[in-house]
Each structure stands twice: as C-alpha cells, then as structure tokens.
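>>> Everything below, folded, please.
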Amino acid sequence: MVTGAGKTRFALACVEALRAVEPGLRVLIVVPTLALVDQWLTVMETDRLAVSGDVAVHRGGAFPTGDATFHVATVNAARTATRKLTASGRWMLVADECHRYASPSNRAAIDADWSASLGLSATASREYDQWFEEFVEPSIGPIFYEYSYADAAADGILAPFHLTNYSIPLTPSEEDRYTRLTQRVALLSTDEAANSEALKRALLARARLAQEARARIPAAVAIMSGHRGERSLVFHEKIGAAEEIARRLGKEGHRVVVYHSRMNPAQSLKSLLLFRTGQADVLVSCRALDEGIDVPDATFGLVCASSASTRQRIQRLGRLLRPSPGKESAEVATIFATQTERDRLVNEEAQLEGLAEASWFEVQFS
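So this is what the prediction gives:
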C-alpha cells in the first residue's frame with residue numbers, strides 16, 4: 001500500500017478483528033527501526049487497542065519477560081526474540097516494512113509457526129534478487145492486496161503534488177572521470193568473461209561520483225532560497241554533505257536542523273521535535289528518514305542526491321505526500337547531474353502521467 005495510506009491502522013484493525021474471535025491470540029509486531037517502535041506505540045495508545053502494561057517492547061539488550069499480549073520489536077531484537085516468544089501459545093505476526101526481512105541476517109525475525117501473519121510495505125518487491133519471493137512470502141504469505149498512487153489519489157488519501165527536476169553540470173574533471181567509468185561499465189557489460197564484481201565496483205564508483213558532484217550543495221542552497229519559511233525536507237545520500245547543506249542553510253537564515261544515523265538518540269529526537277513543533281522549518285536528512293517516519297505537514301521536498309533504488313524514491317515521495325490540515329499540495333524537487341539520472345526521472349514522469357506534472361529547469365548560480 002502506497003506510503004500514507006494508513007498501513008499501521010489497517011494492521012491494528014486486522015489484529016482487533018482476529019482477537020475478537022480468538023481472544024488468546026498474542027501479537028508480535030516487527031519493525032526495522034527504533035523510531036518506528038515509538039510510532040507504533042503512539043498509534044496503539046491513540047487507538048486504545050492495548051491497555052497500559054499489556055505491551056512489551058524489545059529494543060535489544062535485556063529480553064522482556066511476562067505474558068504481554070502485544071510485543072513490539074526491532075528486527076535486530078526479533079532475530080533472537082521471535083523463537084523464544086512463540087515457543088508456546090498462538091501468535092500473529094505483523095511485519096512492518098516486510099521487504100526488509102528477506103536478507104540472510106533478518107530472516108530469523110519472521111521465522112516461526114504463525115497462526116496468522118500480515119506483511120506491510122509500500123514497496124514489497126526487491127530489486128536485483130528474488131529474496132522476497134523465496135524467503136518472505138513462505139513466512140507470511142503472498143501479496144493479496146495492492147493500493148497504488150492512482151488509487152490513493154482518486155480516493156483523496158494523498159496530497160496533490162508536482163515534480164520539479166533541476167539539472168546541474170559536472171565539472172570538467174568530474175565529466176572526464178564519469179565518461180571513463182561509463183566506458184568501463186560498457187566494456188565489462190559486453191564481455192562475457194567479465195568479473196561481475198568488477199562491473200559492480202565500476203557502477204558503484206560511477207554512482208558515487210554522480211552523488212558527490214560538486215555543484216549539488218550550492219544548487220541545494222540556491223533552490224531552497226525560493227522556499228524560505230516553507231516546511232521542507234532535504235535529502236542527501238552522504239552524511240557529510242547533509243551536514244554541510246544544513247550549515248550553509250543556517251548561514252542563509254533558514255531555521256534548519258539535521259537528522260542522520262550517526263547522531264545519538266537524544267540529538268535525533270531533538271531535531272525531529274524542533275521540526276514537528278515548528279521551531280525549525282527545514283529538516284536535512286540522509287536515509288534515516290526514508291521509511292516510516294510521519295512528517296505530514298511538510299510541503300516541499302528536495303532530493304539533492306539519491307541512489308538508483310525505486311524503493312527509496314517511493315519512500316521519499318511518501319514523506320511529502322501525506323495529507324495534513326491546510327495542506328493543499330506538495331512539491332518534490334530533484335537535482336540531477338547525469339543522463340542516467342535524467343532517464344530515471346523521465347520514466348517516473350511517464351509512470352505518473354495523470355497524477356502529477358513535472359517541470360524541468362537548469363540551476364542558475366549567481
């Protein structure tokens with residue numbers, strides 16, 4: 001189901017319906033991040049599904065004891081907690097962001113004899129491998145319902161949105177290196193005897209060069225000058241770049257905070273609280289905000305750099321498209337530097353035809 005469609009509340013409604021006919025059923029909710037643990041607990045309290053004291057939380061470390069009906073666990077904790085918890089009794093699994101549990105290290109988190117199971121994802125299929133079909137579906141069942149951007153737009157679930165794509169130049173040095181890497185990729189791709197690892201390294205090196213293009217940071221600052229005071233999310237792939245963008249935006253007078261995985265929990269929570277309470281207008285982040293976090297009142301998003309992952313793109317769009325009181329529309333802007341990136345954006349525009357229009361510009365530096 002597309003991001004913003006209400007997967008959490010849908011899952012809790014399923015839990016409530018099942019427990020009405022089987023009162024002894026216990027529930028394990030597995031999530032990929034600590035932030036999502038807090039989000040589930042908040043929704044459960046708001047919807048009054050569980051009474052106080054009937055929820056055990058597994059964040060890692062000590063193993064909670066007792067006979068709680070509901071257990072919310074990070075995937076890291078669930079790798080060892082799942083088997084211990086489900087050794088007796090009847091259990092339902094809710095696997096949030098279930099595409100994350102196909103990797104070899106995470107499979108143990110959902111491997112048990114479930115009486116009922118439900119997987120939630122905006123992007124269930126995995127790119128480049130069949131792990132989802134091979135390992136997730138046997139544990140929780142096949143995809144039985146899909147709800148797309150078109151469905152959500154027709155039902156008024158998502159805010160209307162516009163795409164704006166900004167072209168930036170590579171420096172002559174970057175252009176030369178990018179051309180040489182592209183030639184190497186082409187050579188390795190056509191050579192039947194080519195080492196697949198060598199091809200992977202060449203592709204990663206080319207992607208990294210594009211992500212680190214020198215013009216991305218000043219372009220981000222220039223674009224944000226037209227959105228001063230607007231509730232905005234800014235994404236970059238690199239933590240150092242995210243911090244530099246936040247520093248420059250601060251110097252330009254933006255009320256800005258940064259959020260990434262290297263911050264301690266107190267710092268990251270403070271950044272989110274400052275943004276959610278309106279004490280900051282701009283939140284600059286890396287992948288830490290890609291999945292699950294609700295910031296519905298943001299109306300502008302700027303993707304300064306991204307991977308080739310369709311899943312990441314959908315997740316980042318979803319951060320901006322959640323509805324909010326007074327929110328009439330949202331804008332998602334993307335900076336691109338190469339033909340490969342342009343091709344992906346052109347394909348996205350075609351896929352979203354009838355749902356969103358796209359505008360194309362070149363960044364003008366003063």
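
>>> okay, now the spatially closest residue to R216 that is not a sequence neighbour: neighbour count?
Among residues not flanking R216 along the chain, C304 sits closest, at 5.2 Å (C-beta to C-beta, 6 or more residues apart in numbering). Heads up, the C-betas are built off the backbone N, CA and C, glycines and all. Other residues near C304 number 27, with proximity taken as other C-beta atoms under 10 Å.

>>> phi, psi of C304?
When quoted as degrees, to the nearest 10, the phi and psi of C304 stand at phi -80, psi -40.

>>> Surely it is in contact with A213?
No. C304 lies out of contact with A213 (C-beta atoms under 8 Å); the separation is 9.8 Å.

>>> What is the least confident helix or strand in this structure?
In the chain, no helix or strand scores lower on mean pLDDT, DSSP states H and E than helix 310-321, which sits at a mean of 66.

>>> after that helix, next one along is what?
Per DSSP states H and E, the first helix or strand lying C-terminal to helix 310-321 is strand 330-336.

>>> which helices and strands does that next one pack with?
Here strand 330-336 is seen to pack against strand 161-167, helix 216-224, strand 300-303, helix 310-321, helix 339-351 when contacts are counted using 3 or more C-beta pairs under 8 Å, 6 or more residues apart in numbering; DSSP states H and E.

>>> Go again with 6 Å.
strand 161-167, strand 300-303, helix 310-321 (3 or more C-beta pairs under 6 Å, 6 or more residues apart in numbering; DSSP states H and E).

>>> chain center to the second one: distance?
Computed by C-alpha atoms, centre = their mean, to the nearest Å, the separation of strand 300-303 from the middle of its chain amounts to 14 Å.

>>> Would you give the sheet partners of that strand, along with the direction of each?
Next to strand 300-303 in the sheet, as set by DSSP bridges, lie strand 232-235 (parallel), strand 330-336 (parallel).

>>> L158 contacts D151, doesn't it?
No. With contact defined as C-beta atoms under 6 Å, L158 does not count as touching D151 (9.5 Å).

>>> the more surrounded of those two?
Between L158 and D151, counting by other C-beta under 10 Å, L158 is the more crowded of the two (23 against 14).

>>> what secondary structure does the more buried one sit in?
Three-state assignment for L158 (DSSP: H, G, I helix; E, B strand; the rest coil): coil.

>>> Please report the distance of it from A305.
Going from L158 to A305 by C-beta to C-beta, to the nearest Å gives 25 Å.

>>> Below-threshold pLDDT in the stretch 201-350 of the chain: ranges please.
Within the stretch 201-350 of the chain, the segments meeting pLDDT under 70 span 287-296, 307-316, 318-319, 323.

>>> ok, now the stretch 1-150 of the chain?
For the stretch 1-150 of the chain, the stretches with pLDDT under 70 are 47-53, 61-66, 124-130.

>>> what's around V21, how many residues?
7.

>>> and if you look at E349?
What E349 shows, counting by other C-beta under 10 Å, is a neighbour count of 16.

>>> And Y178, by the same measure?
Neighbours of Y178 (other C-beta under 10 Å): 20.

>>> Under a three-state scheme, what state does the nearest residue to it once chain neighbours are set aside occupy?
Leaving aside its chain neighbours, Y178 sits nearest to L209 (5.7 Å; criterion: C-beta to C-beta, 6+ apart). At L209 the chain is in helix, as set by three-state DSSP.

>>> Tell me the bridge partners for V258.
V284.

>>> So it sits against R247, correct?
No. Using C-beta under 6 Å, V258 makes no contact with R247, being 8.7 Å away.

>>> Looking at those two, which has the bigger crowd around it?
Using other C-beta under 10 Å as the criterion, V258 and R247 rank with V258 on top: 24 against 14.

>>> give me every residue that touches that one.
Listed by C-beta atoms under 6 Å, 6 or more residues apart in numbering, the contact set of V258 reads 242-243, 246, 284.

>>> so how far is G250 from it?
Counting by C-beta to C-beta, the separation of V258 from G250 is 10 Å.

>>> Just give me the neighbour total for the closest residue to S139 other than its chain neighbours.
Nearest non-adjacent residue to S139, counting by C-beta to C-beta, 6+ apart: I110, 4.7 Å away. Other residues near I110 come to 26 when the count uses other C-beta under 10 Å.

>>> Would you mind listing the buried residues in stretch 254-263?
Using 16 or more other C-beta atoms under 10 Å as the test for burial, stretch 254-263 gives 254, 256-260.

>>> need these in TSV with distance to T190, can you?
Converted to TSV, the buried residues of stretch 254-263 look like this (distance: C-beta to C-beta, whole Å):
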residue	distance to T190
H254	47
V256	46
V257	47
V258	43
Y259	42
H260	39
